[in-house]
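Visitor: predicted model follows, preceded by the sequence.
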Amino acid sequence: MSEPARRRWEYATIPLLIHNTKAILDSWGVDGWELVTVLPGPTGPEQPVAYLKRPLS
């Protein structure tokens, strides 16, 4: 038996605007991006950063 093909991923980091978070994530989700986590940005928790992934085509 052959080894199963490994899935390859691409990643993106995007800044989130607190007042528009859902719309931002929805627009990336339509393009096939999956949210991995959200962490505070370099300037603190008022500017969170989303980390996303999607399979490479």
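Guide: Yes, it's here.
Visitor: which neighbouring elements make contact with the longest strand anywhere in the chain?
Guide: Ranked by residue count and defined by DSSP state E, the top strand of the chain is strand 44-55. Contacts defined by 3 or more CB pairs under 8 Å, 6 or more residues apart in numbering; DSSP states H and E place strand 44-55 against strand 9-15, helix 21-30, strand 34-41. (Glycine included, C-beta is placed from N, CA and C.)
Visitor: who touches the longest one?
Guide: Meaning helix 21-30. Where contact means CB atoms under 8 Å, 6 or more residues apart in numbering, the residues beyond helix 21-30 that reach it are 12, 14, 16-17, 35, 48, 50, 52.
Visitor: closest to the centroid, which residue in the chain?
Guide: Leu52 (1.5 Å; CA atoms, centre = their mean).
Visitor: so which of the helices and strands packed on strand 44-55 is nearest Ser57?
Guide: strand 9-15 (9.2 Å; CB to CB).
Visitor: contacting residues for the closest residue to Pro40 other than its chain neighbours?
Guide: Computed as CB to CB, 6 or more residues apart in numbering, the closest residue to Pro40 that is not its neighbour in sequence is Pro48, at 6.0 Å. By CB under 8 Å, 6+ apart, the contact list for Pro48 reads 15-16, 18, 21, 38-41.
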